[in-house]
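Visitor: Coordinates for the following, if possible.
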Amino acid sequence: MLKRDKQKKLPKHADQLAHLLAEFSTQEPVTETGPMLSSSLSAYMSAMGRKGGLIGGKRRMKTMTPEQRRKVAQRAAKARWKKEKKL
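Guide: Here you go, the predicted model:
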């Protein structure tokens, strides 16, 4: 959820107010695109996650030693066999 910007109070001192107004007048215009739709945001995030997942496993296997790969495989096999079958 987007947070709302709290409206800042204007400074009471004249010099500070003049400085603030000068900053506002020289800033680039802010263009708001509006909130992303939940469906487009969800699709975007799932694509990002998939991309990272496809790269991550291959890179992990390249950096692991054969002994480390064997330990991971044994642990995974034990976890699979430990589960009770659903009827």
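
Visitor: Just give me the longest helix of the protein.
Guide: What stands out as the longest helix in the chain, according to DSSP state H, is helix 38-63.

Visitor: what mean pLDDT does that helix have?
Guide: Mean pLDDT, helix 38-63: 80.

Visitor: The helix or strand following that helix vs helix 38-63, what angle?
Guide: Remark: after helix 38-63, the chain's next helix or strand is helix 66-82, criterion DSSP states H and E. Helix 66-82 runs at 130 degrees relative to helix 38-63, counting by axes from the mean of the first three to the mean of the last three CA atoms, to 10 degrees.

Visitor: Using PDB, list the CA coordinates for helix 66-82.
Guide: The C-alpha atoms that make up helix 66-82 are tabulated as PDB, following Å, rounded to 0.1, in the frame of the first residue of the first chain:
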ATOM      1  CA  PRO A  66      30.600 -32.400  -5.600                       C
ATOM      2  CA  GLU A  67      30.500 -33.200  -1.900                       C
ATOM      3  CA  GLN A  68      28.200 -30.200  -1.200                       C
ATOM      4  CA  ARG A  69      25.900 -31.300  -4.100                       C
ATOM      5  CA  ARG A  70      25.700 -34.800  -2.700                       C
ATOM      6  CA  LYS A  71      24.800 -33.600   0.800                       C
ATOM      7  CA  VAL A  72      22.000 -31.400  -0.600                       C
ATOM      8  CA  ALA A  73      20.700 -34.300  -2.700                       C
ATOM      9  CA  GLN A  74      20.700 -36.600   0.300                       C
ATOM     10  CA  ARG A  75      18.900 -34.100   2.500                       C
ATOM     11  CA  ALA A  76      16.300 -33.600  -0.200                       C
ATOM     12  CA  ALA A  77      15.800 -37.400  -0.600                       C
ATOM     13  CA  LYS A  78      15.400 -37.800   3.100                       C
ATOM     14  CA  ALA A  79      12.800 -35.000   3.200                       C
ATOM     15  CA  ARG A  80      10.800 -36.600   0.400                       C
ATOM     16  CA  TRP A  81      10.800 -40.100   1.900                       C
ATOM     17  CA  LYS A  82      10.000 -38.700   5.400                       C
END
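
Visitor: For Gln7, give me the pLDDT.
Guide: 68.

Visitor: List the contacts of Ile55.
Guide: Listed by CB atoms under 8 Å, 6 or more residues apart in numbering, the contact set of Ile55 is empty. For the C-beta atoms, the positions are set from N, CA and C on the backbone; glycine is no exception.
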